[in-house]
Structures are given as structure tokens and as C-alpha cells.
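Visitor: here's a sequence, model it:
(one chain, ligands or ions: 1)
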Amino acid sequence: MKIIVAAKMVTDPNIKVRALSDGSGPDLASVKMAMNPFDEIAVEEAVRLKEAGIATEVVVVSIGPAKATETLRTALAMGADRGLLIRADQPVEPLAVAKLLKAVVAKESPDLVLTGKQAIDDDSNQTGQMLAALLGWGQATFASKVTVADGALQVTREVDGGLQTISVRLPAVVTADLRLKEPRYASLPNIMKAKKKPITEKTPEDYAVNVAPRLTVIRVEEPPARQAGIKVATVQELFQRLHSEAGVL
Ligand code: AMP
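Guide: Model (predicted):
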């Protein structure tokens, strides 16, 4: 089984991103970048399937600027076999990403495409679903457990209020949720080995995909600063304030 994993470079989830003062977007100048956390989970799932002898090859694809090579190297250090960077210096919207991944699928003929459930920068939660639709493949989104048997996947999905288990015929698209796997830290020897693994570089034009944006960001603003709390002297005062000021009682 051949697996493609889509891994996006996003702002490091541990840093606080500020909005630009003119509200035109987030301030990304000299901000630390990292692999989207859900994509790390997807890479981990793919690598575990390879270690279990189920997958034969894991190819990681990233669409982004030259720096996204670092995201690919991280995936290679975790155990993926080779990388593909589709170089785009402007943000690429989910539909264009899905079209590019579809073109990659046409060239690579994988049995499974793994993506994260959403990218933490745009929170779109669209790419995996759009890719499955464009390919006409089955999809299992928000996966928290995947087992492979007889040309199909059994996928447990995290749905509101519980878990749903479905069977999906291969080839398929699966999007990784938080509990699917705990991503490993790459060891130093594996980081060194990853430097020798191949990364191919392409452009959207190589796949004849137009990545011009269809959406216009009107305004990006930070949430209002939290008001300072107050200390109350008695339980009675607490009830009284909850009643008269907060209006919750
Ligand atoms: P989104 O629909 O933007 O929330 O992204 C969902 C998933 O699609 C991500 O977790 C990635 O696996 C994949 N994806 C989105 N954008 C990219 C990109 N530029 N490069 C690689 N994978 C991407």
C-alpha cells in the first residue's frame, strides 16, 4: 500500500500570532513555523502502517514556500520515504491545494491519502473533503483509529457526542483527528538520515493548477482583551453579582 500524506507548514502552535495593525492579516514576519499538528499525526499514522508492514512507501507533499522543505524534512526524519514540495510563495486556498493533491495522486497512484483534519492557521477543514470529492474516492474524516483489512479501512471517527466506526473501500482519503496517534520526536540519527532522503520540487504550473485566490480577507482582528477579574468578599456577594451584573442567575 502506497500512502501520500499532505503536510502544511503553519505558524508554530506554541506562539501567539498577532494581527497586523492595519487588520490586513496576521503578522507573520519572523514568526516561528512548524508542521501543522494534525499533519504530524497523519505522518505518524502513515509511518506506523509502514512499520507494521502494511504500507510500502510514504510520500509527503507540502505546498508552500521554500521554507516548507523543513516541514518535509521533519516528516522524513519521522520515517517518511520521500518528499514533494510544490512551491507557492503566496497562501494557497483549500480548493487549489485539493486540485494539486489530485494531480499528485494521478502521478503517484497511492492507495491512501492522509491529511490533517484541519490546518491550524486557516481552520478551514476543507482540503481532505474536497480532495475526496474531486477524486470520487471515499472519505473518512476526523479519524481516531484506522485498521486495514481486505482492501478496505475500518475507521473510527470522532463525532459530536461519541464515536462512529465506518468501513471505507480503498483508495480513500482519511483526515486525522487529535487522538489518532501521538507523533514521535525524530531521533538525531533519523534527522541525519532524513537529509539524504529525496525531495522533489515542482510548481503549481507543472500540474496546470491555477492557485489564484478566490477569497478576499476583509479583516483580521485579535479577540478583545480579557477583562480583569474581581474578588468578592462573601458567597452572598457572589450570588448577588452573578444575579445583578452577570445576569446568569
Ligand atoms: P484545511 O482544509 O486548510 O484546514 O487543511 C486540512 C489539511 O489539508 C491539512 O491538515 C493538511 O493535511 C492539508 N493541507 C492544507 N493545505 C496544505 C498545504 N499548503 N500543503 C500541504 N497540505 C495541506
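
Visitor: wait, is residue 119 part of a helix?
Guide: No - using DSSP: H, G, I helix; E, B strand; the rest coil, the assignment for residue 119 is coil, not a helix.

Visitor: what about it, neighbour count?
Guide: Using other C-beta atoms under 10 Å, residue 119 has 23 other residues around it. No exception for glycine: its C-beta is placed from N, CA and C like everyone else's.

Visitor: from the ligand, how far out is it?
Guide: Distance from residue 119 to the ligand, counting by C-beta to the nearest ligand atom, to the nearest Å: 4 Å.

Visitor: ok, residue 42 next?
Guide: Counting by C-beta to the nearest ligand atom - residue 42 and the ligand are separated by 6 Å.

Visitor: which ones are touching that residue?
Guide: Counting by C-beta atoms under 8 Å, 6 or more residues apart in numbering, residue 42 touches 5-7, 114-116, 174-176, 180.

Visitor: likewise for residue 240?
Guide: Here residue 240 is in contact with no residue (C-beta under 8 Å, 6+ apart).

Visitor: does it belong to a helix, a strand or coil?
Guide: helix.

Visitor: residue 30 too?
Guide: Quick answer, by three-state DSSP: residue 30 is coil.

Visitor: which residues of this structure lie near the ligand?
Guide: Contacts of the chain with the ligand, taken as C-beta under 6 Å from any ligand atom, map to 6-8, 36, 38-39, 61-64, 92, 94, 97, 115-116, 118-119, 122, 124-128.

Visitor: buried members of those residues into ChimeraX, please.
Guide: The following ChimeraX line selects those of these that are buried, judged by 16 or more other C-beta atoms under 10 Å:
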select :6,7,8,36,38,39,61,62,63,64,92,94,97,115,116,118,119,122,125,126,127,128
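
Visitor: about what we covered before: strands - which of the contacts of residue 42 land there?
Guide: Judged by DSSP state E, these include 5-6, 114-116, 174-176 as members of strands.

Visitor: identify the residue of the protein closest to the ligand, quick one.
Guide: residue 116 (2.4 Å; C-beta to the nearest ligand atom).

Visitor: which residues does that residue contact?
Guide: Counted by C-beta under 8 Å, 6+ apart, residue 116 has contacts 6-8, 36-39, 41-42, 128, 175-176.

Visitor: rerun at 6 Å
Guide: Residues counted as contacts of residue 116 (C-beta atoms under 6 Å, 6 or more residues apart in numbering) are 36, 38-39, 42, 176.

Visitor: out of the residues you listed, which are inside strands?
Guide: Going by DSSP E, the strands hold residue 176 from those.

Visitor: and the helix or strand hosting residue 157, what's its mean pLDDT?
Guide: Using DSSP states H and E, residue 157 maps to strand 152-159. For strand 152-159, mean pLDDT rounds to 97.
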